[in-house]
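**Q** Kindly generate the corresponding structure for this input.
(one chain, ligands or ions: 1)
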Amino acid sequence: MCRHAAWLGPSRPLSSLIGEPEHGLLRQAYAPRLQRYGTVNADGFGVGWYDAARAEPVRYRRSVPIWADANLPGIADVARSGCLLAAVRSATIGMPIEESATAPFSDGRWLLSHNGRVDRVAVAGNGVAVAGNGMDPESPCDSAWLASAVFARLRAGMPVADAVAQVVTETARADPAARLNLLVCGGSEIVATAWGDTLFTHVHEGVLLASEPLDGRPGWRAVDDRTLVLASPDGVSVTRI
Ligand code: GLN
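**A** This next block holds a predicted model:
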């Protein structure tokens, strides 16, 4: 369904995920090549990045197609960071199309995007993943529920890879049909999961993580399903969930 991408490495502009590469998210919004569910991602987009002037990341989300925002190219050229996230959305049937339902979701220094779907009734019944965490999801959108479950664990001090793995496994237990490709950025690390949809990595001067390759360069590697990728300044590790 949705497509998302992130960068960890030397500072780069957001346009390096969106309009610059041949198959960046601008193109993936209307012509994704590997998308398994849905054909276009026209229900909104969001970007997030880190700036020394601010303790928390900056977000820019819209509920219009990414190609319809005439102001984005200028913003994306000057918004630079060593940790970037961008997502284009194909809303799951029944989910609201509005900014608050659009990734990235955020809490403190964390940014989160979800590519997939979860049965909200199953999730609501999954006391471990969502209920009792003291955080209200920003939106009734399934992705916002997942974000609040991850954020609650991060607030409790759980390492990000553990928090993401736990939410994915507990949610999948409650809803075995769930698709749970998550992308979580913390400014100096990124965690991504492949659970039901495609995920690729490209390591060159830094780490790119994307639902599908952003360009035709060699070096893009498909991540196995049901795995978690942790990218940090120390490198990239892939583990089975
Ligand atoms: N279920 C989420 C939404 O409605 C994500 C959709 C997707 O991956 N296309 O926004």
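
**Q** Touching, Glu212 and Arg3? I think so.
**A** Yes. Between Glu212 and Arg3 there is a contact under C-beta atoms under 8 Å: 6.6 Å. All C-beta atoms are positioned from the backbone trio N, CA, C, and that covers glycine.

**Q** tell me, how many neighbours does the closest residue to Leu208 other than its chain neighbours end up with?
**A** The spatially closest residue to Leu208, leaving aside those adjacent along the chain, is His202, at 4.2 Å (C-beta to C-beta, 6 or more residues apart in numbering). Using other C-beta atoms under 10 Å, His202 has 18 other residues around it.

**Q** cool, and His204?
**A** 10.

**Q** Let me know the secondary structure of the residue nearest to it when sequence neighbours are not counted.
**A** The shortest distance from His204 to any non-neighbouring residue, by C-beta to C-beta, 6+ apart, is to Gly219 (6.0 Å). Following DSSP: H, G, I helix; E, B strand; the rest coil, Gly219 is assigned to coil.

**Q** Compare Glu212 and Arg3 (neighbour count), which wins?
**A** Neighbour count, other C-beta under 10 Å: between Glu212 and Arg3, Arg3 has more, with 31 against 19.

**Q** Can you name the residues of this structure that neighbour the ligand?
**A** By the rule C-beta under 6 Å from any ligand atom, the part of the chain lying against the ligand is 1-2, 38, 89-92, 95, 101, 114-117, 141-143.

**Q** could you give me the average pLDDT of the longest strand seen in the chain?
**A** Criterion DSSP state E: the longest strand present in the chain is strand 3-13. The average pLDDT for strand 3-13 rounds to 98.

**Q** and if you look at stretch 164-183?
**A** Average pLDDT, stretch 164-183: 94.
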